[in-house]
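[1] next input, structure requested:
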Amino acid sequence: MNNWRKKRLIANRYNATSQSYDEQYAQEQTAKYTATQKLLKTSKNDVILDVGCGSGLFFSYVADKVKMIVGVDISHKLLLKAKNHAKSLGNVHIVQADADYLPFKNAMFNVVFAFTMLQNMPAPKKTLFEFKQQLTSEGNLVVTGLKKAFELHVFLNLFKDNTLRLLEFIDTPTLNCYITITSC
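    Numbers count the residues shown, from 1 in each chain. Predicted structure coming up:
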């Protein structure tokens, strides 16, 4: 299956499940957000990119701690939900885009978050390279990978292959994902 077809199938799947997305994934996602926030401190000057933002559940965890958040997703219907989550947050912007071809200048973001989306990408190594391009020189990349989709060594090699330095790694039985915090 070609890359674009796979991405269209993913977008269609998330469009179809958008109404129940929060009910299905909020508890799991909240556990990842909480674990990440304990390890990575953001500042009031940070500009954040949340790739694969889904319905925008993560926004409320960081909006009051940073300058700006840009949420990106390929699913139009999930972005409509994200827009609703962002209504009361004046520093959140929503963009529909392909994670492999982000429509931003390089080195714009202090932190790039990608929660539970890398396994949906046809070429995760290429996707991580795109994320890396978005980071400032001192920036951090936070990525989770579903354990059932990635063997641990395969997941970690994606970061090595992109010359990303592993700062933190979380692999607990209570999470369905590995969590990595890396830098350039």
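[2] longest helix anywhere in this protein?
    Longest helix in the chain, counting residues (DSSP state H): helix 21-39.
[3] quick one: the helices in the chain?
    Taking DSSP H to define them, one finds helices in the chain at 3-16, 21-39, 59-62, 76-86, 124-134, 152-161.
[4] got JSON lines for those helices, with distance to residue 98 too?
    Placement of C-beta: from N, CA and C, glycine included. Formatted as JSON lines, those follow (distance: least, C-beta to C-beta, whole Å):
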{"stretch": "helix 3-16", "distance to residue 98": "6"}
{"stretch": "helix 21-39", "distance to residue 98": "19"}
{"stretch": "helix 59-62", "distance to residue 98": "21"}
{"stretch": "helix 76-86", "distance to residue 98": "13"}
{"stretch": "helix 124-134", "distance to residue 98": "9"}
{"stretch": "helix 152-161", "distance to residue 98": "18"}
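[5] now these in JSON lines, with mean neighbour count?
    Below are those laid out as JSON lines (neighbours: other C-beta atoms under 10 Å):
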{"stretch": "helix 3-16", "mean neighbour count": "14"}
{"stretch": "helix 21-39", "mean neighbour count": "15"}
{"stretch": "helix 59-62", "mean neighbour count": "19"}
{"stretch": "helix 76-86", "mean neighbour count": "19"}
{"stretch": "helix 124-134", "mean neighbour count": "19"}
{"stretch": "helix 152-161", "mean neighbour count": "15"}
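[6] need those helices in JSON lines with distance to residue 178 and mean pLDDT, can you?
    Shown next, in JSON lines, are those (distance: least, C-beta to C-beta, whole Å; pLDDT from 0 to 100):
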{"stretch": "helix 3-16", "distance to residue 178": "20", "mean pLDDT": "79"}
{"stretch": "helix 21-39", "distance to residue 178": "10", "mean pLDDT": "81"}
{"stretch": "helix 59-62", "distance to residue 178": "19", "mean pLDDT": "94"}
{"stretch": "helix 76-86", "distance to residue 178": "23", "mean pLDDT": "94"}
{"stretch": "helix 124-134", "distance to residue 178": "13", "mean pLDDT": "97"}
{"stretch": "helix 152-161", "distance to residue 178": "6", "mean pLDDT": "96"}
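[7] let me know which of these is the nearest to residue 184.
    Evaluated over the helices of the chain, closeness to residue 184 peaks at helix 124-134, with 6.4 Å, by C-beta to C-beta.
[8] which other helices and strands contact the closest one?
    Under the contact criterion of 3 or more C-beta pairs under 8 Å, 6 or more residues apart in numbering; DSSP states H and E, helix 124-134 touches strand 109-114, strand 135-146, helix 152-161.
[9] now do 10 Å
    When contacts are defined as 3 or more C-beta pairs under 10 Å, 6 or more residues apart in numbering; DSSP states H and E, helix 124-134 sits against strand 47-51, strand 109-114, strand 135-146, helix 152-161, strand 177-183.
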